[in-house]
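Colleague: sequence and predicted model, in that order:
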Amino acid sequence: MKELHPKEMILAIEGGGTKNRILLAGTDGRVLASETGGPASGLYIDRATYSRATRLLLRRVKRLADKAGGHVTIAGLAGPMDRQLVERIVTTVFGPITFVGLGESEIALALYALPWGVSLVAGTGSSCRALNERGASASCGGFGPQFGDDGSGYWIGRSAVSAVMLAHDGRGPATGLDGRLCAYYGIERVWDIFQFVDHSGHVSGPKVAGFTPHVFQAAREGDAVARAICRAAGTKLARLAIATAGKLEWRKQPVPLVLTGGVFHGGNLIMTPLKRTLRQSPVLFDLFAPAPDPSEGILKHILMNRTKP
């Protein structure tokens, strides 16, 4: 990667299942602009709607770049987005530039300037990837909402909806989540949630995952069902990290473990069971502070890997 001129600027786009975050930065890594949009994952977007909305965000960013007298020459893209679509949209706004495709684990490790370690992602979905000192890699999870994503925002939201339905049936314990759920979805009865199913018979991932902050709030206020869901999520995420790390041999321990994604906004509700489960691992981890919004890792990765003169 070529050395960047001081007037050149970097664009970072992190597109996930719930949100699309765009950063503009100078060659010193200082963030000059930040924009946030809706889902970017190809699983959940309407391409035409996404294109229009993203162009608007990028035009606002470009006006700020122009005002600062700089020009964007490189864009880092990360997350489960349609990268070809995003590249076309960026090019229509900024013209021809260089694109760098990055994995979520790469940007997570770059946040802490780590050349190796384990990256655990828990946003709308969940996945884990490990890279050891010799460059060998392994991964677990990332199976999507229908077959996996244990401990993710989608998993938490789906578990909450299921718990409310079981409570109404008399097959599960009572929970205050029912009122929160109806308020969040704007419905009168929990069964009305079925009005939101798509052509495949599912409520969309972002819409389900979006209920997660309300689960956290109910748990903080003492709701036993919500607290049990959070404990289970933290435990499942820890087991995902343990399974991934266990696939590789490590020359040194403890192994760095970086946590990224919106689920970690749950704080100790997620972290306490996660740490408890990690202590049972045969691999010793060095746990880094969670980074719920890892977009700046894109910028750091690009700046770390540019060629020095």
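Modeller: Structure received.
Colleague: list phi and psi for residue 37.
Modeller: The phi/psi pair for residue 37 (degrees, to the nearest 10) reads phi -120, psi -170.
Colleague: can you check residue 199 too?
Modeller: When read as degrees, to the nearest 10, the backbone of residue 199 gives phi -60, psi -20.
Colleague: what about it, how many neighbours?
Modeller: Counted with other C-beta atoms under 10 Å, the neighbours of residue 199 add up to 5. No exception for glycine: its C-beta is placed from N, CA and C like everyone else's.
Colleague: cool, the one 10 residues further on as well?
Modeller: Counted by other C-beta under 10 Å, the residues lying close to residue 209 total 28.
Colleague: what's the answer for residue 210, then?
Modeller: 19.
Colleague: likewise for residue 265?
Modeller: Close neighbours of residue 265, defined as other C-beta under 10 Å, add up to 15.
Colleague: which SS class is it?
Modeller: Here residue 265 is recorded as helix under DSSP: H, G, I helix; E, B strand; the rest coil.
Colleague: quick one: contacts for the closest residue to residue 223 other than its chain neighbours?
Modeller: Counting by C-beta to C-beta, 6 or more residues apart in numbering, residue 223 lies nearest to residue 176, which is 5.0 Å off, once chain neighbours are set aside. Shown in contact with residue 176 (C-beta atoms under 8 Å, 6 or more residues apart in numbering): 218, 221, 223, 226.
Colleague: check which helix or strand covers the first one.
Modeller: When elements are defined using DSSP states H and E, residue 218 is found to belong to helix 212-220.
Colleague: any idea what the nearest residue to residue 114 once chain neighbours are set aside is bridged to?
Modeller: Among residues not flanking residue 114 along the chain, residue 256 sits closest, at 5.2 Å (C-beta to C-beta, 6+ apart). Beta-bridge partners recorded for residue 256 (DSSP bridges): residue 286.
Colleague: doesn't residue 286 make contact with residue 256?
Modeller: Yes - contact criterion C-beta atoms under 8 Å: residue 256 and residue 286 qualify, at 5.1 Å.
Colleague: who's more crowded, those two?
Modeller: Remark: of residue 256 and residue 286, residue 256 carries more neighbours, 19 against 14, as counted by other C-beta under 10 Å.
Colleague: distance of that one from residue 188?
Modeller: Distance of residue 256 to residue 188, computed by C-beta to C-beta, to the nearest Å: 48 Å.
Colleague: what of residue 162?
Modeller: Counting by C-beta to C-beta, the separation of residue 162 from residue 188 is 19 Å.
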